[in-house]
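S.K.: the amino acid sequence is not available; the structure is as follows:
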């Protein structure tokens, strides 16, 4: 199975959000991968990943799940209507490192979720957002959101996917154990490593999170950080 890749001739809006990097596009997009043109569900690989290594392609083909490959780095993700996706275009800063762009994007999401739901997430690994709590005498860190970065010459594109009410058992059907993983994952299976926002804040829905982030994206303080 050959992954679909974004190109200038690809239809807009593109399911992985990469067209947000284009001049003239709105610098912020928030969406639920639920309806065309956002094929749902879908698998998305990082730029340097090999489909045969990261995915169960037989399962994906059997279930008709399309595979995409983004230009940014990071790991493979399974996007469903239980997720919320975010694409943010930042202006380039001469003195910023890659970690600064991740901190900026994650910081905007963390502030929005904390303000609306009182939920405090921590950055873990290179760019994950995780919920950290003490359980059974030990600290447990479970991933809520993952992000990637694409750095064309003109801007920096931050892409994130947030688990809100996803079917976590499906992750282990389509995603193999990653070839690279952060230390805090501790070799856990996908369903044990991640957690939905709806499990942490009862009543939260993908539509609610999408609408929250759309409102946040219109605030002057939010847009001030973007490449307008």
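M.R.: Yep, that arrived. All values reported here derive from a predicted model rather than from experimental measurement. Numbering: from 1, shown residues only.
S.K.: tell me what the longest strand anywhere in the chain is packed against?
M.R.: The residue-count maximum for a strand in the chain (DSSP state E) belongs to strand 138-150. Judged by 3 or more Cβ pairs under 8 Å, 6 or more residues apart in numbering; DSSP states H and E, the packing partners of strand 138-150 are helix 98-117, strand 122-124, strand 128-135, strand 155-163. (Glycine included, C-beta is placed from N, CA and C.)
S.K.: make it 7 Å
M.R.: Under the contact criterion of 3 or more Cβ pairs under 7 Å, 6 or more residues apart in numbering; DSSP states H and E, strand 138-150 touches helix 98-117, strand 128-135, strand 155-163.
S.K.: least confident of these, on average?
M.R.: Note on the helices and strands packed on strand 138-150: lowest mean pLDDT is at strand 128-135, with a mean of 91.
S.K.: distance check, residue 19 against residue 76.
M.R.: Residue 19 sits at a distance of 21 Å from residue 76 (criterion: Cβ to Cβ, to the nearest Å).
S.K.: angle of the longest strand of the chain against strand 128-135?
M.R.: If you take axes from the mean of the first three to the mean of the last three Cα atoms, to 10 degrees, strand 138-150 sits at 180 degrees to strand 128-135.
S.K.: returning to that earlier point: reformat the helices and strands packed on strand 138-150 as CSV; add mean neighbour count.
M.R.: Output for those, formatted as CSV (neighbours: other Cβ atoms under 10 Å):
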stretch, mean neighbour count
helix 98-117, 17
strand 128-135, 16
strand 155-163, 25
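S.K.: wait, which of those is closest to residue 14?
M.R.: Closest approach to residue 14 among these (Cβ to Cβ): strand 155-163, 10.9 Å.
S.K.: give me the sheet partners of the closest one and which way each runs.
M.R.: Using DSSP bridges, strand 155-163 pairs in its sheet with strand 83-91 (antiparallel), strand 138-150 (antiparallel).
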